[in-house]
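> Let's see this in three dimensions:
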Amino acid sequence: MSKSKLFQAIVLFTAATVFVAVTGRPAPSHAAALPSAGKTIGPAASSLPGVRFVHIATSGNIGCGSSQCTYIDHPLLNGNPNAIFVVTQNFNPGGGSSGVYNNHAIGVWYDTGQNKWAIFNQDLVSMPVGAAFNVLIPPAGTNVFVHQATSGNTSGHITYINHSLLNGNPNAIFVVTPNWNPGGGSSGVYNNHAIGVWYDTGQNKWAIFNQDLASMPTNAAFNVVVADSTTAFVHKATSGNIVGSSTFIDHPLLNGNPNAIFVVTANFNPGGGSGTYNNSHFNVYYSSSRNKWAIYDYAGAMPTNAAFNVLLPDTRTDVFTHQATSGNTSGHITYINHSLLNNNPNAIFMVTPNWNPPGSSGVYNNHAIGVWYDTGQNKWAIFNQDTAAMPTNAAFNVLIPPPGANVFVHKATSGNIVGSSTFIDHPLLNGNPNAIFVVTPNWNPGGGGSGVYNNHAIGVWYDSGRSQWAIFNEDSGSILNAAFNVLVLNDLTALPGSKSAFVHTATSGNISSNWTTLNHPLTNGIRPAFVFATHNFNPGGGGSGVYNNHAIGVWYDTGQNKWAIFNQDFVNMPTNAAFNVLVIVRRVYLPLVMRNYP
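Presented below is the predicted three-dimensional model:
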């Protein structure tokens, strides 16, 4: 004789939750309600506040008298000679297999002619194309300031800092970057030396010093950003982590994260003890074989006990569905209310229309869309490019990725436009016809008061002649001055949940009228999945491709229990149309099953 028993098993994973139940009741057709905005991933105090990005020297932004500098184009820096920011050389942003060396002392300076900041080589040697730099622009605060060497605070190769957050605090962690002309003055001071910081227990003060013991020039200036033990740490080179010229960093927020953006400064004596000189310029690089970041010493062997202050990367991320309601919609705009976006005009995020999120019937929105920042409401919004009214209950999948080398804004300029295409110059995309990335139009990056509409369906394509990817308007319309948020899916580790990126191609076997059905384990039977898509004209960089001049979206087909990409205007999906797809799953609900046991 057998008895029926009721069992319930709950299986928890780090990134996604799987609910497995064994009951005597049949499961509903879909077991999950619409997920709310997900929990922010990562400790609240895991990173110093501020805007982070990777700046890359290109033929279009290298300048100065002997081409020794590379100009930065960022809304927080442009026209702002009093900006304070810090930089670190990054050999291979995103963990690429190759990179560019720049064995020179660097600094930053403000060019009043261009109204831009630039990173420059102190010895005036030409800046190499492809040299890359991690940049952190912190918010104003008592922990952010400029220190200037004067006759009163300088002794030989040392200039002492007098600041309440540093005085008497040998365990302080801070980073510095030379600033040639604070406030944008017409003249400045070079300091062509490797630098570091050290704590003088006699004076109970921190100082900035030249590693080669050369005299510190009067009026040499430095941007200073003070962190703490929750937002930074000290890395020390030891026999266990040194390999040749490199010392490998072991930290959970950096390991396995090739897109991390962090800033480093040499620290002679953490905690105020004895110390180690390291008279060398350095960069940071990611080793894909070790899945770790390292600090690389240009001068040769990394000295044992050399120490470095390291600011942690920002790992905050979220994925959720936004739905237009009468309360958050005004005309062609629907406002998003999210802690990672509110009051953050420099946020970069991705959006894809979702016809029928769980718990919702479907709503079409046959319009090209974009995102824009409203400085009046201090919120981001999704809008229809043609200014047509936003339908109530229109829904959108939203992904806020953590700042990284793979996350950036691309602007269409006269220098990068050919016809209706704007070419992207980025190390993760150049020469990589198999790259997968998604794109969202951004009306006003940085929250500027004016922006550019781009009322066109868009896609991406690879030009094998240029070895570059481009964003293009499907109808061949002008793309001048349009801006786009770009997320390169070279590594998905830092994104929330279980995730996968792939190229989907529409075929006679998966097309039904205006949609093409996806067949993937993270989408099949999982209605709460978050799906993002961008049209890819020629995956792999083939010489021919397929246009799809239509606003697209994603929807869940409850008949097939699969997700699909569809044309909002009901026009048939073209055979061989291809799409870059990102899928993220926060929760997976498996069906309820009856088990009988003897």
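> the strands in the stretch 301-450 of the chain, which residues?
For the stretch 301-450 of the chain, applying DSSP state E, counting those that start in this stretch gives strands covering 307-311, 318-323, 329-330, 333-335, 350-354, 369-374, 379-384, 395-400, 407-411, 417-418, 421-423, 437-441.
> can these go into CSV with extra columns for distance to residue 87, mean neighbour count and mean pLDDT?
Every C-beta, even on glycine, is put in place using the N, C-alpha and C of the backbone. CSV is the format used below for the strands of the stretch 301-450 of the chain (distance: least, Cβ to Cβ, whole Å; neighbours: other Cβ atoms under 10 Å; pLDDT from 0 to 100):
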stretch, distance to residue 87, mean neighbour count, mean pLDDT
strand 307-311, 11, 24, 98
strand 318-323, 28, 22, 97
strand 329-330, 40, 17, 98
strand 333-335, 34, 21, 98
strand 350-354, 27, 23, 98
strand 369-374, 25, 22, 98
strand 379-384, 27, 23, 98
strand 395-400, 24, 24, 98
strand 407-411, 16, 20, 98
strand 417-418, 29, 15, 98
strand 421-423, 26, 22, 98
strand 437-441, 25, 23, 98
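> Using TSV, lay out those strands together with distance to residue 216.
Listed next are the strands of the stretch 301-450 of the chain as TSV, based on distance: least, Cβ to Cβ, whole Å:
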stretch	distance to residue 216
strand 307-311	19
strand 318-323	45
strand 329-330	56
strand 333-335	51
strand 350-354	46
strand 369-374	42
strand 379-384	45
strand 395-400	43
strand 407-411	36
strand 417-418	47
strand 421-423	44
strand 437-441	45
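> Does residue 50 touch residue 134 like I think?
No - between residue 50 and residue 134 there is no contact under Cβ atoms under 8 Å: 11.8 Å.
> Would you mind telling me which of the two has the busier surroundings?
residue 134 (25 against 21; other Cβ atoms under 10 Å).
> got a list of what the more buried one touches?
52, 54, 87-90, 93, 261-263, 284 (Cβ atoms under 8 Å, 6 or more residues apart in numbering).
> Show me the two of those residues that sit farthest apart.
Farthest-apart pair in the contacts of residue 134 is 52 and 89; separation 15.0 Å (Cβ to Cβ).
> could you point out which element follows the stretch of helix or strand residue 108 belongs to?
Per DSSP states H and E, residue 108 falls inside strand 106-111. Remark: after strand 106-111, the chain's next helix or strand is strand 116-121, criterion DSSP H and E.
> Please list the residues outside that next one that contact it.
Residues outside strand 116-121 that contact it (Cβ under 8 Å, 6+ apart) are 55, 57, 63-64, 68-73, 77-78, 80, 83, 85, 87, 102, 104-111, 127, 133, 180.
> Just the buried subset of these, written out for PyMOL, thanks.
Buried residues within these, by 16 or more other Cβ atoms under 10 Å, are selected in PyMOL with:
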select buried, resi 55+57+63+64+68+69+70+71+72+77+78+80+83+85+87+102+104+105+106+107+108+109+110+111+127+133+180
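> Keep only those of the contacts of strand 116-121 that are in strands.
If you go by DSSP state E, those have 55, 63, 69-71, 87, 106-111, 133 in strands.
> Can you add distance to residue 227 and pLDDT and give these back as CSV?
Below are the ones in strands among the contacts of strand 116-121 laid out as CSV (distance: Cβ to Cβ, whole Å; pLDDT from 0 to 100):
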residue, distance to residue 227, pLDDT
55, 21, 98
63, 32, 96
69, 27, 98
70, 26, 98
71, 27, 98
87, 15, 98
106, 20, 98
107, 21, 98
108, 19, 98
109, 24, 98
110, 24, 98
111, 29, 97
133, 19, 98
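> Secondary structure element holding residue 485?
Going by DSSP H and E, residue 485 is part of strand 483-488.
> helix or strand right after that strand?
Once strand 483-488 ends, the next helix or strand along the chain (criterion: DSSP H and E) is strand 498-505.
> that older thread, which elements pack onto the strand holding residue 108?
In this structure, strand 106-111 packs against strand 86-89, strand 116-121, strand 174-178, with contacts taken as 3 or more Cβ pairs under 8 Å, 6 or more residues apart in numbering; DSSP states H and E.
> out of those, nearest to residue 449?
strand 116-121 (19.0 Å).
> send the alpha carbons of the closest one over as PDB?
Output of strand 116-121 as PDB, limited to C-alpha atoms (Å, rounded to 0.1, in the frame of the first residue of the first chain):
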ATOM      1  CA  LYS A 116      37.700  70.700 -21.500                       C
ATOM      2  CA  TRP A 117      39.900  68.700 -19.200                       C
ATOM      3  CA  ALA A 118      42.600  66.500 -20.600                       C
ATOM      4  CA  ILE A 119      44.900  63.700 -19.300                       C
ATOM      5  CA  PHE A 120      48.500  64.400 -20.300                       C
ATOM      6  CA  ASN A 121      52.000  62.900 -20.100                       C
END
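> Note down every partner strand of that strand and its orientation.
strand 69-71 (antiparallel), strand 106-111 (antiparallel) (DSSP bridges).
> and of those strands, who's closest to residue 407?
strand 69-71 (19.7 Å).
> contacts for the closest one?
Identification of contacts with strand 69-71 by Cβ under 8 Å, 6+ apart yields 55, 57-58, 61-63, 109, 111, 114, 116-121, 127, 131, 133.
> try 10 Å
55-58, 60-64, 77-78, 102, 106-109, 111, 114, 116-121, 124, 126-129, 131-133, 180 (Cβ atoms under 10 Å, 6 or more residues apart in numbering).
> on that earlier part again, the strands of the stretch 301-450 of the chain: which one's closest to residue 187?
strand 307-311 (30.0 Å).
> Describe which strands the closest one pairs with in its sheet and in which direction.
Short version: by DSSP bridges, strand 307-311 pairs with strand 232-236 (antiparallel), strand 263-267 (antiparallel).
> ranking the ones you listed by burial, who's on top?
Of these, the one with the most neighbours on average (mean count of other Cβ atoms under 10 Å) is strand 263-267, at a mean of 26.
> shouldn't residue 567 be in contact with residue 573?
Yes - the criterion here is Cβ atoms under 10 Å, and residue 567 meets it with residue 573 at 6.1 Å.
> who touches both of these two?
Shared contacts of residue 567 and residue 573, counting by Cβ under 10 Å, 6+ apart, come down to 513-516, 548, 550, 552.
> Could you dump the strands paired with strand 116-121 into JSON lines and include distance to residue 384?
Formatted as JSON lines, the strands paired with strand 116-121 follow (distance: least, Cβ to Cβ, whole Å):
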{"stretch": "strand 69-71", "distance to residue 384": "35"}
{"stretch": "strand 106-111", "distance to residue 384": "39"}
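> nearest to residue 473, of those strands?
With Cβ to Cβ as the criterion, residue 473 lies closest to strand 69-71 of the strands paired with strand 116-121, at 27.7 Å.
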